[in-house]
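S.K.: Could you work out the structure for the sequence below:
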Amino acid sequence: MRFCSHCGHPITVRIPDGDNRTRACCDACGTIHYVNPRPVVGTVPVWGEQVLLCRRAIEPRYGKWTLPAGFMEIGETTGDGAIRETLEEAGARVDLGPLFTMIDVPHVHQVHIFFRADLLDTAFAAGTESLDVRLFGEHEIPWEEIAFRTVAATLRHFFADRRRGAFGTHIEAIVAGAPPPADRAVR
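M.R.: Next up is the predicted model:
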């Protein structure tokens, strides 16, 4: 950022009074431009023993498989956003369940939040951001074609919890260049 989006004057990067981080500051109008993480919200839509996945029709990861998810919009709750994204990407109506995974992805300024969800019916269809949507049993998941590490981690937690017979809430971080963390389930 070079110019203030509020008044158009050049910004300076400095630590504002009362803060402890460098920020883009406008010395003309006093606006401090904060850059905060962007929440991604989605679901793990389940029908019996199967999970619904979407094949991406957009970049990044065009053609790869993912859970239905996307950026949260202003004015909606995380749950509302997860339901909206599931409908937009997979044409799927769901009964939203509990929070399942919350995965910090600090190197891309994101937090990925997935809820367990039950499909209300099998009348789903690819939305404009999906090439295909289909149900997969655990043994059918195209692991090498999963679009994002957060989705792979969420799916692994889901199937492990289902085998164990008890679902938890999984909180972790995916750090660029670091190996996957150990499970830190909150029960």
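S.K.: C-alpha only now, for contacts and for neighbours.
M.R.: Fine.
S.K.: what's the longest helix seen in the chain packed up against?
M.R.: The longest helix of the chain (DSSP state H) is helix 149-164. In terms of contacts (3 or more C-alpha pairs under 8 Å, 6 or more residues apart in numbering; DSSP states H and E), helix 149-164 is packed against strand 94-105.
S.K.: Partner strands of the following helix or strand past the strand it packs on and their direction?
M.R.: Scanning forward in sequence from strand 94-105 by DSSP states H and E, the next helix or strand is strand 110-119. Strand 110-119 pairs in its sheet with strand 38-47 (parallel), strand 94-105 (antiparallel), by DSSP bridges.
S.K.: contact partners of the longest one?
M.R.: What it means is strand 94-105. 43, 45, 79, 83, 86, 110-120, 150, 154, 167-175 (C-alpha atoms under 8 Å, 6 or more residues apart in numbering).
S.K.: now the angle between helix 149-164 and that strand, please.
M.R.: 120 degrees (axes from the mean of the first three to the mean of the last three C-alpha atoms, to 10 degrees).
S.K.: what mean pLDDT does strand 94-105 have?
M.R.: Averaging pLDDT along strand 94-105 gives 98.
S.K.: what's the answer for the shortest one, then?
M.R.: The average of the pLDDT scores along strand 38-47 is 98.
S.K.: Separate out the buried members of the contacts of strand 94-105.
M.R.: Among the contacts of strand 94-105, the ones that count as buried by 16 or more other C-alpha atoms under 10 Å are 43, 45, 79, 83, 86, 110-119, 150, 154, 167-170, 172-174.
S.K.: picking that back up, please identify the deepest-packed of the strands paired with strand 110-119.
M.R.: strand 38-47 (a mean of 24; mean count of other C-alpha atoms under 10 Å).
S.K.: Count the residues that sit near Thr122.
M.R.: 13 (other C-alpha atoms under 10 Å).
S.K.: Then Glu49?
M.R.: 11.
S.K.: repeat for Ser5
M.R.: 13.
S.K.: Check what pLDDT it gets.
M.R.: 95.
S.K.: Val186 now?
M.R.: At Val186, pLDDT is 42.
S.K.: and the nearest residue to His109 once chain neighbours are set aside, how far is that from Met72?
M.R.: Nearest in space to His109, with sequence neighbours left out and distances taken as C-alpha to C-alpha, 6 or more residues apart in numbering, is Pro37 at 4.5 Å. Relative to Met72, Pro37 is positioned 11 Å away (C-alpha to C-alpha, to the nearest Å).
S.K.: Ends of stretch 100-120, what's the gap?
M.R.: End-to-end for stretch 100-120, by C-alpha to C-alpha: 19 Å.
S.K.: how distant is it from the center of its chain?
M.R.: Computed by C-alpha atoms, centre = their mean, to the nearest Å, the chain-centroid distance of stretch 100-120 equals 4 Å.
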